[in-house]
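[1] Build me a model from this:
(one chain, ligands or ions: 1)
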Amino acid sequence: MAAAGVRERFGSRAGFLLAAAGSAVGLGNMWRFPYLASENGGAAFVLVYVVLTLLLGIPLLLAEFAIGRRGQSGPIGSLRKLGGRGWGALGYLFVLVGGVILAYYSVIAGWTVRYGLEALLTGFAPSSAEHFAEVSSGADAVAFHVAFMAATVLIVVGGVKGGIERASLVMMPMLFVMLVGLAVWAATLDGAGAGYAVYLQPKFAEIMHPDVWRAAASQAFFSLSLGMGGMLTFASYLSRDQNLPESATVVAFTDFSVAFVAGLLVFPVIYSFALQDAVSASTIGALFIAVPSAFAAMGAVGRVVGLVFFLVLALGAITSTISLLEVVTASAMDEYGLSRRRAALLAGTAITLVGVVPALDTDVLGLMDKVVGELLLLAGGLVLAVFAGWRLRGPVREELLAGASPFWRRQVPWILLVLRFVVPAIVAVVLFFSLRGTLAAVAEFAAG
Ligand code: TRP
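    Presented below is the predicted three-dimensional model:
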């Protein structure tokens with residue numbers, strides 16, 4: 001059965017906003033952001049991150065929104081329709097990047113479910129570093145990855161309105177409430193002050209360091225789901241009465257708030273149990289080693305709080321995995337006329353198989369995150385900024401104005417200026433630095 005006919009639509013404004021915020025809010029906010037902030041100058045990093053969210057994040061969100069709503073297809077179809085065959089070919093690359101991100105992201109998401117179940121059934125293991133080494137790769141990791149992918153496929157098969165929108169409307173408010181509850185609880189811990197200090201102590205000397213900007217820029221891309229057509233695909237299910245500039249601002253603000261509050265939770269927990277060494281040992285460590293060992297030390301309270309904590313992570317993760325799978329699914333439907341069910345099953349199966357590799361080897365997982373999640377997203381963002389700002393300038397302007405309120409219509413001219421000049425310039429510089437860093441990581445991986 002072909003998926004011909006009228007394109008699916010979000011059922012409500014809130015549905016689209018929560019689905020887009022659901023895509024943005026995920027493991028990136030709760031796992032990557034707090035860690036990066038503490039490593040890169042604390043409040044100085046937070047400040048750079050806010051600046052880059054405004055300067056790169058919102059204009060690029062708008063580029064994706066405008067292209068997707070104009071093109072009324074996934075990245076391949078939209079770029080081809082609006083830009084010609086050559087641009088359409090780049091769309092294939094976006095879909096591939098989305099698939100690869102999903103493959104390793106789902107492995108990490110599987111860990112969150114596993115830790116949640118441990119809280120519920122057995123309690124956290126006291127020696128968390130060893131425990132993490134045991135469960136983060138191997139048969140168990142594969143099993144949880146497969147289960148997480150199956151849940152993702154199930155939601156995507158339900159469609160834009162009946163699956164993605166419905167899941168986001170339920171899950172995102174739950175996530176917000178539980179996260180704020182956890183942060184309030186964390187404020188009562190003994191080490192809270194020390195934790196906040198490390199998280200937010202402004203080391204302004206570091207603000208000029210290129211690494212800080214590179215880390216903040218790539219984090220903004222990953223966290224806002226930019227650079228591979230995820231937001232583009234969601235916007236293809238919009239009608240022209242949606243206020244795009246306002247939507248982009250709401251999504252970016254929500255995403256930042258969740259990341260910021262996650263830091264207010266993670267750091268007090270770590271510092272009240274003096275687990276800072278576990279954090280600096282590895283990126284992943286902050287969340288899956290240090291935090292569970294703190295929960296283990298808290299006894300029964302730790303089990304309850306830990307269960308809520310990993311539930312929040314799993315909710316954030318699944319609203320992100322559905323957006324990643326939707327890009328591949330929508331493209332398979334657009335390009336090959338497959339039914340939604342068939343497209344989601346095929347894409348989901350292929351991605352699940354690819355994910356077995358990072359599920360068996362955390363070094364491969366880390367490398368995939370560096371090369372695909374960082375470098376290729378930046379490259380994709382550069383392409384999209386040039387496409388929207390230069391090749392498609394007129395239509396993008398029209399899309400941004402259509403549905404916008406008078407206030408937001410007045411902001412469109414300077415948003416476009418930023419998109420055409422500032423975004424490509426900054427992203428090109430960051431990409432250059434990232435390329436060097438990534439090549440070094442690849443060489444290190446190859447060497448041992
Ligand atoms: N933004 C999500 C997070 O922060 C991850 C994610 C979802 C993503 N869709 C994406 C990242 C598309 C890059 C591209 O966890």
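[2] At the contact with the ligand, which residues of the stretch 1-150 of the chain appear?
    Ser23, Ala24, Gly26, Leu27, Gly28, Asn29, Ile101 (C-beta under 6 Å from any ligand atom). The C-beta positions use only the backbone N, C-alpha and C, and glycine is treated the same way.
[3] same thing but at 8 Å, please
    Those residues of the stretch 1-150 of the chain that sit near the ligand, judged by C-beta under 8 Å from any ligand atom, are 23-29, 31-32, 97-98, 101, 105.
[4] got it, and the stretch 251-400 of the chain?
    Looking at the ligand, the residues of the stretch 251-400 of the chain close enough under C-beta under 8 Å from any ligand atom are Asp255, Gly316, Ala317, Ser320, Thr321, Ser323, Leu324, Val327, Gly373, Leu377.
[5] from what I can see the third one touches Ile108, true?
    Yes: with contacts counted by C-beta atoms under 8 Å, Ala317 reaches Ile108, the gap being 7.3 Å.
[6] Could I get the CA-only coordinates of stretch 318-326 as PDB?
    Output of stretch 318-326 as PDB, limited to C-alpha atoms (Å, rounded to 0.1, in the frame of the first residue of the first chain):
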ATOM      1  CA  ILE A 318      12.400   8.300  23.800                       C
ATOM      2  CA  THR A 319      10.900  11.600  22.700                       C
ATOM      3  CA  SER A 320      14.300  12.100  20.900                       C
ATOM      4  CA  THR A 321      14.600   8.700  19.400                       C
ATOM      5  CA  ILE A 322      11.200   9.000  17.800                       C
ATOM      6  CA  SER A 323      12.200  12.200  16.100                       C
ATOM      7  CA  LEU A 324      15.400  10.600  14.800                       C
ATOM      8  CA  LEU A 325      13.500   7.500  13.500                       C
ATOM      9  CA  GLU A 326      10.800   9.800  12.000                       C
END
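[7] For that stretch, give the mean pLDDT please.
    What stretch 318-326 shows for mean pLDDT is 98.
[8] So what's the residue count around the closest residue in space to Asn40 that isn't next to it in sequence?
    Nearest-residue entry for Asn40: Val212, 4.6 Å, with adjacent residues in sequence omitted and distances by C-beta to C-beta, 6 or more residues apart in numbering. The local packing of Val212 (other C-beta atoms under 10 Å) involves 21 other residues.
[9] what's the pLDDT at Ile164?
    Confidence score, pLDDT, at Ile164: 98.
[10] and it, what is it in contact with?
    Taking C-beta atoms under 8 Å, 6 or more residues apart in numbering as the criterion, Ile164 is in contact with Ala19, Ile155, Val156, Gly158, Ile322, Ser323, Glu326.
[11] Just give me the closest of these to the ligand.
    Ser323 (4.7 Å; C-beta to the nearest ligand atom).
[12] in what helix or strand does the closest one lie?
    Assigned by DSSP states H and E, Ser323 belongs to helix 299-336.
[13] What residues sit buried inside that helix?
    302-303, 305-335 (16 or more other C-beta atoms under 10 Å).
[14] Same check on stretch 417-435?
    Of the residues in stretch 417-435, those buried (16+ other C-beta under 10 Å) are Val418, Leu419, Arg420, Val423, Pro424, Ile426, Val427, Val430, Leu431, Phe433, Ser434.
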